[in-house]
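Student: Attaching a predicted model along with its sequence, questions to come.
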Amino acid sequence: MTTDAGDTGQRRGRATRRRVMDAAVDCLAEYGWAGSTVTVVAERAGVSRGALQHHFPTREDLFTSAVEHVAEQQSAALRALVESAAPIVGPARRYLAVTELVDLYTGPLFRAALHLWVAAATEEPLRPRVVELEARIGREAHRMAVELLGANEKEPGVRETVQGLLDMARGLGLASLLTDDGARRRRVVEQWMAILDDVL
């Protein structure tokens, strides 16, 4: 009986934590660092400020945990992309890889992560966690891009081309914060497709 009650409490605690993490990421994407206060996140998550602070005693605790949450979500999205592309081959697979990577880096997860990067430049408690997680996410994104593209990095220029694709996707994500320039983005993606076809 006690075990069941304990399990139920743990499940509730995990569900609350997940709601708070999702709310923190949503708030970062929508309001940026300055507008994402503990109170705003608690309201978005549908929990009391006290319940939130039970899990995350300080704002730094909350948002450094949100960094990890963003990293896990991005990694899961990349893994799902690799799995969904398994039966696709040739140019169609490269097209899927490029467009999906660009979509990932121009979506709300990247927007939230970007606000955290900017905050980490001046918020000392955030900086070490953000730097470490960004390095980990970057390595995983590169590895999965190589797998998606069927790229052989032993060939000259291939590694740099794959990294260029990821840098380009991040740049488009940064640009999309200010304007939604879909037509220009499509032209850039088409050009990268041509480059990848030549190099790979």
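Tutor: The structure has been received and is ready for your questions.

Student: Of all the residues in the longest helix belonging to the chain, which ones are buried?
Tutor: With secondary structure taken from DSSP state H, the chain has its longest helix at helix 2-35. Of all the residues in helix 2-35, those buried under the rule 16 or more other C-beta atoms under 10 Å are 16-17, 19-29, 32-33. Using the backbone N, CA and C atoms, a C-beta is placed for each residue, glycine as well.

Student: Contacts only, for Pro125.
Tutor: Each residue near Pro125 by C-beta atoms under 8 Å, 6 or more residues apart in numbering is listed here: Glu60, Thr64.

Student: Phi and psi next, for it.
Tutor: Backbone geometry at Pro125, expressed as degrees, to the nearest 10, gives phi -60, psi -30.

Student: tell me which element the most centrally placed residue in the chain is part of?
Tutor: Centroid-nearest residue in the chain: Gln74, 3.8 Å away (criterion: C-alpha atoms, centre = their mean). Following DSSP states H and E, one finds Gln74 within helix 59-84.

Student: Pull out the buried residues from that helix.
Tutor: Across helix 59-84, burial judged by 16+ other C-beta under 10 Å covers 59, 62-67, 69-71, 73-74, 78, 81.
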